[in-house]
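> How does the following fold in three dimensions:
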Amino acid sequence: MASRLVELEDFRSRSRAAVAPAATAVEPARVRPFRVGEWLVQPALNRLARDGDSVHVEPRVMHLLVHLAIRPGEVIPRAALLDAVWGDQIVGEEALTVTLSQLRRALGDDPRDPRYVETIRKGGYRLVAPVEPLEQPEGPAAATAGASTPAGGPRPGSSARAGMLALTVGGCVLALLALRASPGPGDPAQGGRQPSPGAFLPGVPFTTYPGCERYPALSPDGTRVAFVWDGGDRGPLNLYVKQRDTETPLRLTDQEDRDAFPAWSPDGSTLAFVRFGDETAILSVPALGGPETELAVVDPVVHGLDWSPDGRLLAFSTADSPEQPYVIALLDLASGSVRRLTGPQAQFTCDSWPVFSPDGATVAFTRAGHALQQDVFSVPTAGGAARQLTTGQHQVAGLDWTPDGSAIVFAAAPAGSLGLWRVAVADGSVTPLPTRGEAASYPSLAAGSGALVYVEPRSDRNVWQVPIGSPAAPESQGGPLVASTRFDSSAVVSPTGDAIAFVSSRSGTLELWRADRDGGRPRPLTRFGGGFVLDPRWSPDGRRIALTASVLGRSTVHVVEAASGRAEPLTSDSAHERPTCWSADGSRLYFSRQERGSWQIWSMADDGSDRRLVTDRGLEALAETDGGRGLVFLRQQEPSIRRLDLGTGDETELVGPQLMARWLDQQVVEGGVFAVDRRPEGATLVHLDFASGMVEAVRPLGKVAADPELSITPDGAHALFDRFERLELDLVLVDDFGSS
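I've put the predicted structure just below:
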């Protein structure tokens with residue numbers, strides 16, 4: 001770690017230079033937007049914009065473009081670009097080749113007829129498009145550099161210094177205004193270990209009832225929260241309202257049918273909600289209790305409901321049947337007519353969770369594609385084209401507007417567990433809003449106050465162990481290995497067979513824990529203090545554990561010393577990254593990296609250096625094989641397990657999409673793969689032999705978690721997996737979100 005800190009300080013020192021030879025090392029996050037040809041370049045956002053469209057690029061790609069733009073028209077040697085962009089990291093020239101290819105794709109450039117970047121044989125590269133500084137930031141670019149500052153980091157207007165880098169460019173001066181200070185120790189882009197105490201939202205429990213409280217909605221004045229609750233006895237979901245400083249909620253409905261999606265009228269006197277029964281209907285009820293009023297009978301499938309600020313419309317998501325695409329519709333309360341605001345899209349499957357902007361002119365919603373990857377969109381209430389606001393969020397669970405209409409707070413899981421994020425409507429910059437719980441979903445903000453409420457899970461999830469025996473082996477031979485009244489998950493046995501690493505919330509936040517092989521003497525190894533932790537992976541020598549941690553919103557790679565618990569971050573920038581497996585000799589670590597909303601497989605040395613792209617078609621590396629010559633991986637497109645020849649790049653399919661569609665999790669072992677197979681009679685542990693392609697049912701597993709985190713012990717004698725014993729949902733209130 002000391003060498004990486006020296007490298008970082010050296011990089012910052014070189015960034016302060018006003019003029020430097022060849023390729024000056026400048027941090028893109030400190031560079032003001034400028035134009036290259038037809039493109040507006042926004043370095044701090046890693047974004048290119050042209051004619052209303054935008055393209056997000058990987059930070060390393062933006063780094064390369066900035067260095068080429070510093071000296072347009074001049075040939076910059078490959079070695080100089082490698083030094084400027086990668087610094088002291090040891091990488092081969094293939095890293096520059098791959099990054100340059102990504103830049104050309106983003107710009108729409110053809111290397112055979114270049115309009116932007118020209119390759120000079122045996123010389124290097126030069127930027128042939130004109131470069132123009134912006135005298136004043138244009139539109140949403142005005143605050144781009146500071147808009148995405150992570151929570152707890154320096155903010156515009158703070159004591160952070162802003163500097164001017166004046167760089168000589170072909171006889172003219174390109175002024176690049178630095179709007180962000182150098183990242184502090186809590187910035188995930190530089191792998192900060194611990195966030196500052198103020199980095200987490202100051203939430204306090206609002207409800208602590210048994211059972212599950214869902215779909216919270218803050219009243220306009222922020223004094224009451226409406227929600228649906230099962231009463232703590234797994235009964236029907238009915239509508240309740242709880243006022244601040246009271247413990248007992250007011251029950252508004254009492255039906256066997258299921259109620260959902262409460263929405264406040266603008267004056268706070270009435271609640272609209274959806275009821276699912278013999279027919280699906282939208283109803284209203286006085287917020288203080290009283291008779292229900294049926295407002296409309298709608299299509300049987302509904303997801304989300306919101307009341308317009310002028311009180312005239314209700315927005316809801318609807319579909320003719322569960323197999324049909326969801327669309328956003330508007331109910332006119334005066335006439336009872338329904339108008340569809342969005343229509344079925346050939347490339348999308350579901351529009352849901354509509355929320356009116358504070359001025360009522362726009363409806364924000366989530367849109368899911370065929371792979372069920374969701375993002376935040378908006379559409380004018382009067383009708384028109386939808387606009388995409390986020391990219392690569394994968395799963396979105398609820399959203400709401402900030403009271404001033406400048407941003408949308410949403411819950412998403414771009415990598416790992418659900419957490420809260422804020423997207424600026426003007427420029428699409430996304431900022432994490434870390435919470436201390438296991439996850440966060442369904443945020444609601446009050447129009448007339450600075451309050452925020454969201455749902456936080458409280459789960460009892462345990463790790464079970466079963467012997468791998470004959471197909472007739474009874475389930476009773478298995479039992480809990482790691483268990484408590486809190487969240488315990490993802491247990492893996494060390495290569496030496498004498499210890500277990502697992503993730504647990506028994507200390508109050510999710511941390512990495514260690515126990516003896518029999519589950520005894522559990523003790524925490526990390527103290528991140530919030531966010532999510534997952535994916536523990538032992539190194540082959542048993543001395544280190546790689547894991548995913550997210551303490552400031554981004555999913556980052558850490559390596560933890562198994563003896564001391566000392567954690568070192570290996571993530572080099574703010575992209576989402578997750579470790580997946582070690583090389584057989586332990587010298588390298590394979591990890592997944594998010595690029596433009598999709599995932600790629602990379603590898604790096606065990607100290608975080610020498611980062612190499614392995615394949616842009618993979619979702620997760622599963623195991624290195626054949627003495628390091630092959631890699632078994634999970635393919636992203638057409639989900640399947642394949643073997644990649646690391647020398648030739650050839651792929652061989654090992655497990656096809658049909659089997660993968662039934663599998664909940666899998667682990668590759670020598671010559672085959674174990675998996676948790678979803679079957680009508682319950683989950684079953686199965687084994688597939690790579691040579692023969694035969695699948696054998698090993699033993700029943702009984703009740704497993706939806707994501708069971710299967711692990712096979714190094715001796716092949718036991719399988720470890722997760723089971724849910726209990727799940728409860730509580731509401732958390734942030735009283736002064738506006739200052740968070």
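> Assign Ala79 to helix, strand or coil.
Following DSSP: H, G, I helix; E, B strand; the rest coil, Ala79 is assigned to helix.
> Quick one: neighbours of it, just the number.
Neighbourhood size, Ala79 [other C-beta atoms under 10 Å]: 13. C-beta: built from backbone N, CA, C; applies to glycine.
> In contact with it, which residues?
By C-beta atoms under 8 Å, 6 or more residues apart in numbering, the contact list for Ala79 is empty.
> So it versus Thr97, what's the distance?
Remark: distance between Ala79 and Thr97 (C-beta to C-beta, to the nearest Å) = 13 Å.
> With Thr248 instead?
Note on Thr248: its distance to Thr97, by C-beta to C-beta, is 66 Å.
> just Pro59 next, same as before
Pro59 sits 17 Å away from Thr97, going by C-beta to C-beta.
> What of Gly203?
From Gly203 over to Thr97 the distance is 47 Å, taken as C-beta to C-beta.
> And for Arg635?
23 Å.
> quick one: which of those two has more around it?
Neighbour count, other C-beta under 10 Å: between Arg635 and Thr97, Arg635 has more, with 21 against 11.
> pLDDT score assigned to the more buried one?
pLDDT for Arg635: 88.
> That one is in contact with Ile641, isn't it?
Yes - counting by C-beta atoms under 8 Å, Ile641 is a contact partner of Arg635 at 7.3 Å.
> quick one, strands of the stretch 351-500 of the chain?
All strands of the stretch 351-500 of the chain, identified by DSSP state E, counting those that start in this stretch, fall at 362-369, 374-380, 387-388, 396-401, 407-412, 419-424, 430-433, 441-445, 452-467, 479-482, 488-493, 499-504.
> For the second one, which helices and strands make contact with it?
Put plainly, it is strand 374-380. On a contact count with 3 or more C-beta pairs under 8 Å, 6 or more residues apart in numbering; DSSP states H and E, strand 374-380 meets strand 362-369, strand 387-388, strand 396-401, strand 407-412.
> would you list those in CSV and tack on mean pLDDT and mean neighbour count?
CSV is the format used below for these (pLDDT from 0 to 100; neighbours: other C-beta atoms under 10 Å):
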stretch, mean pLDDT, mean neighbour count
strand 362-369, 90, 23
strand 387-388, 94, 14
strand 396-401, 94, 24
strand 407-412, 95, 25
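> could these be laid out in a markdown table, adding distance to Ala706?
A markdown table is the format used below for these (distance: least, C-beta to C-beta, whole Å):
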| stretch | distance to Ala706 |
| --- | --- |
| strand 362-369 | 18 |
| strand 387-388 | 28 |
| strand 396-401 | 14 |
| strand 407-412 | 18 |
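> Compare those and give me the one nearest Gly73.
Closest approach to Gly73 among the helices and strands packed on strand 374-380 (C-beta to C-beta): strand 387-388, 35.1 Å.
> who does that closest one pair up with?
Strand 387-388 has its sheet partners listed here by DSSP bridges as strand 374-380 (antiparallel).
> sorry, back to before: include distance to Val732 when you put the strands of the stretch 351-500 of the chain into TSV, please.
What follows is these, written out as TSV (distance: least, C-beta to C-beta, whole Å):
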stretch	distance to Val732
strand 362-369	21
strand 374-380	21
strand 387-388	29
strand 396-401	13
strand 407-412	12
strand 419-424	10
strand 430-433	12
strand 441-445	10
strand 452-467	5
strand 479-482	27
strand 488-493	21
strand 499-504	20
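> could you list every residue that touches the residue nearest the centre of the chain?
By C-alpha atoms, centre = their mean, the chain has its centre lying nearest to Pro414, at 1.8 Å. Counting by C-beta under 8 Å, 6+ apart, Pro414 touches Gly392, Gln393, His394, Ser555, His576, Gln594.
> go with 6 Å
Gly392, Gln393, His394, His576 (C-beta atoms under 6 Å, 6 or more residues apart in numbering).
> Tell me how many other residues crowd the third one.
Which is His394. With other C-beta under 10 Å as criterion, His394 counts 20.
> Surely it is in contact with Gln373?
Yes - shown here, His394 and Gln373 form a contact pair, counting by C-beta atoms under 6 Å, at 5.0 Å.
> returning to what we had before: return the distance of the residue nearest to the centre of the chain relative to Arg642.
For Pro414, the distance to Arg642 - C-beta to C-beta - is 24 Å.
> which residues sit in contact with the spatially closest residue to Phe487 that is not a sequence neighbour?
Ranked by C-beta to C-beta, 6 or more residues apart in numbering and with sequence neighbours excluded, the top spatial neighbour of Phe487 is Ser505, at 4.1 Å. Neighbouring residues of Ser505 by C-beta under 6 Å, 6+ apart: Glu438, Arg486, Phe487.
> Let's have these in CSV, adding pLDDT, distance to His718 and neighbour count.
Listed next are those as CSV, based on pLDDT from 0 to 100; distance: C-beta to C-beta, whole Å; neighbours: other C-beta atoms under 10 Å:
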residue, pLDDT, distance to His718, neighbour count
Glu438, 79, 27, 20
Arg486, 84, 23, 17
Phe487, 88, 22, 21
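> now these in JSON lines, with distance to Leu134?
Output for those, formatted as JSON lines (distance: C-beta to C-beta, whole Å):
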{"residue": "Glu438", "distance to Leu134": "44"}
{"residue": "Arg486", "distance to Leu134": "52"}
{"residue": "Phe487", "distance to Leu134": "49"}
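> So which of the residues you listed is the closest to Val298?
Each of the contacts of Ser505 was scored against Val298 by C-beta to C-beta, and Glu438 proved nearest at 34.1 Å.
> Any chance of the backbone angles for the closest one?
Main-chain torsions, Glu438, degrees, to the nearest 10: phi -70, psi -30.
> pLDDT value on Ala472, please?
pLDDT recorded at Ala472 is 47.
> which stretches of the stretch 601-740 of the chain aren't confidently modelled?
The stretch 601-740 of the chain contains residues with pLDDT under 70 at 680, 738-740.
> one more time with 80
Low-confidence segments of the stretch 601-740 of the chain, defined by pLDDT under 80: 636-638, 661, 679-681, 706, 726-727, 738-740.
> Over to the stretch 451-600 of the chain?
459, 469-477, 530-531, 551-554, 572-574, 595-598.
> can you rerun that using 90?
457-461, 469-479, 484-487, 505-510, 528-532, 549-556, 571-576, 594-599 (pLDDT under 90).
> between the contacts of Pro414, which is nearest Asp585?
The closest of the contacts of Pro414 to Asp585 turns out to be His576 (C-beta to C-beta; 27.0 Å).
> Now do the contacts for the closest one.
By C-beta under 6 Å, 6+ apart, the residues touching His576 are Pro414, Ala415, Arg554, Ser555, Gln594.
> Next, count neighbours for the last one.
When you say that, I think you mean Gln594. A total of 20 residues lie near Gln594 under the criterion other C-beta under 10 Å.
> host element of it?
With secondary structure defined by DSSP states H and E, Gln594 is part of strand 588-595.
> List the contacts of that strand.
58, 392, 546, 557, 575-582, 599-600, 602-606, 620-621.
> Check which element follows it along the chain.
As assigned by DSSP H and E, the chain's next helix or strand after strand 588-595 is strand 598-605.
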